[in-house]
Every structure is written in C-alpha cells, then in structure tokens.
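Colleague: Fold the following and give me the result.
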Amino acid sequence: MPLAVAASVKRVYGLYDAGAAGDLLATRRPDVTAPITLLILPSEPPRYMHFARLRIRPKRPPLRIEQILNWADDWFAAHCLWPNVSAGLIPGTIDDTWSRIDDSLRNGYRGLPEKPRLSLAKLLEKHRGVRNSEYPPKLSVGRIEKWATQHKRRTGD
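Modeller: Have a look, this model is predicted:
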C-alpha cells in the first residue's frame, strides 16, 4: 500500500501505529465509530507514523446537568417549545446538538453520570415538569373527575 494512502486512512479513521514495520495495523481510536480497517505497514514507515494519536476533532468539554438545563431554558425562551433530540444546534455552542446531548446523557459521556440512565426527555420531565410522551403520566379516576369539573366550570358544558 502506498504511504500516501496509509496516511490518509490514518487521518480519516484515526488509526495509529501499533507496532513495527510489517505488522498488521488494526487499532483505532475509541471515539471513531468507523469499522476497524486493517493495514499492513510498509517495511520502512516514515517517522511521523510513530506518533501516538491524531485527533480529527477537538475534545469536547465536560457537561453538567445545570448547564444542559440552562441551554434548555434558553431554547424554551426563544422558541416557546422545549428542545427534543431533533431540535438541531444549540445556540452558544460551537457545534453541539440536542441529539449529541441526549446521546451523552444516555451513555454517560462527557463527564455525565452513567447511572441512572437519563435522556433529554427524562431530564426535562424530572427538572422542568415537561410532559414526556414516551412515559405519559398515569391516569386515575380522581384526576379525570377533576379535569371534567374544571372543564365544566370553564365552558359551562
């Protein structure tokens, strides 16, 4: 394999030198989700292939629950809707999206706790009282009667 191809695969997939010349290179960075690519290193690799790792993107800063809730409050103030995973980019961040935040909450990435497993919907339900359509509140006869009474007072019907 030509060295230029090996270098570009290294850059794209985050592969790094796992051994001496002629070894099989099957190592990848943990933050790259591309499938493992196998390369056979040339007999005399250039010196730059002996560096430990190349980062494709900058490391994201750790998150705090309060920070996520502040972003959600700002989103609600601007849009009159609570954010969901398909809401897009978060204003004031470089390239964070609500989908990425949800993924970090679910998997405990970026310094967030792994247990209990949260989601953006569960977080907003717990801290802001937002209705979670995946887990609607349980109905009781008393609650339905209260709603009917309130409706009758409002409408007269």
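
Colleague: Now do the same for residue 26: its pLDDT.
Modeller: On the pLDDT scale, residue 26 is placed at 46.

Colleague: So in this protein, where's the weakest helix or strand by average pLDDT?
Modeller: Every helix and strand of the chain was ranked by mean pLDDT, DSSP states H and E. The lowest is strand 24-25, at a mean of 45.

Colleague: could you pull out the helices for the protein?
Modeller: Counting by DSSP state H, the chain has helices at residues 3-13, 65-79, 98-107, 120-128, 141-155.

Colleague: Ok, which of these comes nearest residue 59?
Modeller: Evaluated over those, closeness to residue 59 peaks at helix 98-107, with 13.3 Å, by CB to CB. C-beta: built from backbone N, CA, C; applies to glycine.

Colleague: quick one: that closest one to helix 65-79, angle?
Modeller: 150 degrees (axes from the mean of the first three to the mean of the last three CA atoms, to 10 degrees).

Colleague: Tell me the helices and strands packed up against helix 98-107.
Modeller: Here helix 98-107 touches helix 65-79, helix 120-128, going by 3 or more CB pairs under 8 Å, 6 or more residues apart in numbering; DSSP states H and E.

Colleague: What residues sit buried inside that helix?
Modeller: By 16 or more other CB atoms under 10 Å, the buried positions in helix 98-107 come out as 98, 100, 101, 102, 104, 105.

Colleague: What is the end-to-end distance of stretch 114-134?
Modeller: 21 Å (CA to CA, to the nearest Å).
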